[in-house]
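# Kindly return the folded structure for what I paste below:
(2 chains)
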Amino acid sequence: MKFSIDQTKLDQALKCVQFGLLTRPSLPVLNNVLIEAKDDHVTFTLTDLEISISCKTQVSVESEGITTVTARKLISIVRRLPDAPITLSCNEEDFVNIRSGEINFSIQGISSSEFPQAFSQIDGSKFTTSKESFHELVIKSSFATSSDPSRVAISGPLLKFNKTELSSIATDGKRLAIVTDNNFSCDHEGQCIIPPKTNNALLKLMAGNGDVEIQIDEKNMSFEFVNEFDQQTTIYSQLIQAKYPNYAAIIPDGSEHHASINREDFLTALKRIALILSESEHGIKLSFENSALAITAQTQDDESKEDLEVEFDGTAEIAFNPIYLIDPLKRLSSEKVTLNFSHSHAAASISDADNFLYVLMPMRM
Amino acid sequence: MDCFYAAIEMRDKPELRNKAVAVGGRSRRSVLCTANYEARKYGVRSAMPSSMALQKCPHLVIVPVNFEIYREESRLIFEIFRDYTDLIQNISLDEAFLDVSDCKKYKGSATLIAQEIRHRIYEQRNITASAGIAPNKFLAKIASDWEKPNGQFVVTPDAIDDFVKDLKVEKIWGVGKKTAERLHGLGLYTCEDVQKVEKADLAKSFGKFGGELYNLARGIDYRPVENKRRRKSYSQERTFENDLTQAQCHEEFKVLIRRLFTSLENFLLKNGDYKVKTAFVKVKFNDFQSTTVERAWQGADDIFFHDLLQQGLERSELRVRLLGAGVKFYDESDASDMQLDFLDLLFGEDTN
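Below is the predicted model of the structure:
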């Protein structure tokens, strides 16, 4: 195997696949990236058996071949090579040579025959959507997933689709985020829970324009798209095999109070007011009196207060963990959000014009 | 107070004097609240089913419970206590710890103070009381039983060792039947026996309580007299004369809920710093197995409570002996309690 590739291109491809790298893999070969040169392209693949990420990029292939080499070593070498063409080759003993001008590395690889074929072709639902809207779906919901290791079912977002809608749902038991894409079409309906690691990879790799083809069967799912560096990317992932809880029960039927608030102003004020709070301390209080919203925070020693103009009728008070408000507000793009609530100890919700619904529990005042 | 409820009844109803008297219900399921010394001679004890008490003492006079009067009597007696100290920890209507360390009367002599308090209770309320005087709560509690009725017993600091030496382990606070059995299993019958065991070994056998055992067996108790014990929950329950069918439960439950709401509202009005965290319903079936269903409080109404009841009832097909409903309060000291969640709605979590 022998091919030439630009340092930048190689660096980008390796960065893309490294999400498949596990800290302490069970098999030595899982430390390695699979490199396959064929026709006019080379494919890099990393897997931890739960997720597999491949990145295919065009190169000039001098001779076809396949091998594996320690991913961390290769990544750090490539990162420190000059921005110039690199020639990568290997002999039949999987001895990999990396050459850039006068610089030369030779690394012992492992035969590709030891590299596991972690995933087979997925046979199930298939749909295509824009990368951008999918990325938005994930980014606006998955922050609400649970980090509690005992609650696997809610450790990742639930992806749910029918003929006209694609939704991503996430909850940690204190808040629930639902984002829906209505510009969607699919022949089937279904749902799956995306593991947190896959979710993180999607958040990182889905940026940019273009489409993503998603396939889901009972156990696995795959994403095929062109990454921001124009490299064909394929992610295979296992699904979380658990029953997602009945999140619909959380959504309040209706609310007594509705406040329409400028999102940017609200976000800035919350970040400011929360400055005096440490994590262990109490929340911020929102006091509404007609068009005036007073945001206050108080600790044993300090106090902060900021007034905002909002659209609201009547008077009401409610307290929240500021992080639970900041988290969604900073990910939204709409000008205004509506905060809906009934009383200080019942679930409240935030909605915007863009099919976003966020349910959150208040803090006791 | 000595046989408090019975004493009040005998004081107010002269015809009861010199008779075996107990206070409690007369129905088949009732248990006695208390019995006077005459009744105790026949083996009648508080918490004994009335039917059993009557078997032991057929001429026993069982007087119905009149809590209104007992409560008022208790209030008047506690007023006497307050002339001596503000540090009063009430255990029940007729029992309390008084920390008289700062009381100046009788040059601070707790023995003389106790004598005066008992004397005043007798003079003003015509009821006898017993007292235990000691450097800590554990010893004072035991000492108060020493000269009962109408007496008092002092454990001075230098007498502690002798006092605890022969105490049976059952007398140690927190040692119930089970723990006593385990102590006996280890060959430990008295405090002196327990004193011979290393602290680490006690901890190994009894966990955290091992450390307490180690101290208490030596007459050491650091717990202060606390004015007000914070309530963790507030509830109402009722044992039924006849076991209820599941269909009857909802009817009876309505009454219980109404009573709970009224009394809880009063309680919350008087105690503004209490915040309700969860609501629960308890069902005891006629095999004496009980189950509790608990949910986060979101301004619960009676429908909410009936839902909880239904879930509890679905756990058995048996008839129901007891129903209870109540709420649990937030622990102000727990900051994580401040954030509300909907995990129970999401996962339908409950406690058994």
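# use CA for all of it now, contacts and neighbours both
Fine.
# Other residues contacting the worst-scoring helix or strand of chain A on mean pLDDT?
Within chain A, no helix or strand scores below helix A:196-205, which has a mean of 91 by mean pLDDT, DSSP states H and E. Residues from elsewhere that reach helix A:196-205, judged by C-alpha atoms under 8 Å, 6 or more residues apart in numbering or on different chains: A:16, A:19, A:51, A:135, A:138-139, A:142, A:155-157, A:227-228, A:237.
# Which entry within the residues you listed corresponds to the minimum pLDDT?
pLDDT across the contacts of helix A:196-205 is lowest for A:F19, at 79.
# can you pull the contacts of that residue?
A:46, A:53, A:201.
# swap in A:A153?
A:A153 touches A:193, A:240-245, counting by C-alpha under 8 Å, 6+ apart.
# restrict those to those near chain B?
Checking the contacts of A:A153 against chain B by C-alpha under 8 Å from any C-alpha of the partner chain, the ones in range are A:P245.
# Pick the one among the contacts of A:A153 closest to B:L264.
Closest approach between those and B:L264, by C-alpha to C-alpha: A:P245, at 33.2 Å.
# Now the terminal residues of stretch A:212-231, how far apart.
End-to-end span of stretch A:212-231 (C-alpha to C-alpha, to the nearest Å): 13 Å.
# I'd like the contacts of A:F19 as a markdown table, with neighbour count appended.
Compiled in a markdown table, those are given as follows (neighbours: other C-alpha atoms under 10 Å in any protein chain shown):
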| residue | neighbour count |
| --- | --- |
| A:L46 | 29 |
| A:I53 | 26 |
| A:A201 | 18 |
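# from those residues, which is closest to chain B?
A:A201 (27.4 Å; C-alpha to the nearest C-alpha).
# List only those of the contacts of A:A153 flagged as buried.
Neighbour counting over those (16 or more other C-alpha atoms under 10 Å in any protein chain shown) leaves A:193, A:240, A:244-245 as the buried ones.
# Let me know the secondary structure of A:K285.
Three-state assignment for A:K285 (DSSP: H, G, I helix; E, B strand; the rest coil): strand.
# How about the contacts made by it?
A:K285 neighbours (C-alpha under 8 Å, 6+ apart): A:294-297, A:317-320, A:365.
# mind giving me the domain split of chain B?
B:4-65, B:68-160, B:163-216, B:233-329 (automatic domain parsing).
# Mind checking those domains for the one nearest to chain A?
domain B:233-329 (5.6 Å).
# any idea of the mean pLDDT in that closest one?
87.
# Let me know the secondary structure of B:F209.
Assignment for B:F209 (three-state DSSP): helix.
# Could you report the pLDDT at it?
86.
# count of neighbours near it?
15 (other C-alpha atoms under 10 Å in any protein chain shown).
# contacting residues for it?
B:A203.
# same check, this time on B:F138
B:172-173, B:216, B:219-221 are the contacts of B:F138 under C-alpha under 8 Å, 6+ apart.
# before we move on, what about B:L309?
B:250, B:281-283, B:293.
# Spell out which helix or strand contains it, please.
helix B:302-313 (DSSP states H and E).
# buried sites along that helix?
For helix B:302-313, by 16+ other C-alpha under 10 Å, it's B:304-306, B:308-313.
# what about the helices in the stretch 251-352 of chain B?
For the stretch 251-352 of chain B, the helices defined by DSSP state H, counting those that start in this stretch cover B:302-313, B:343-347.
# Fine, thanks again, bye for now.
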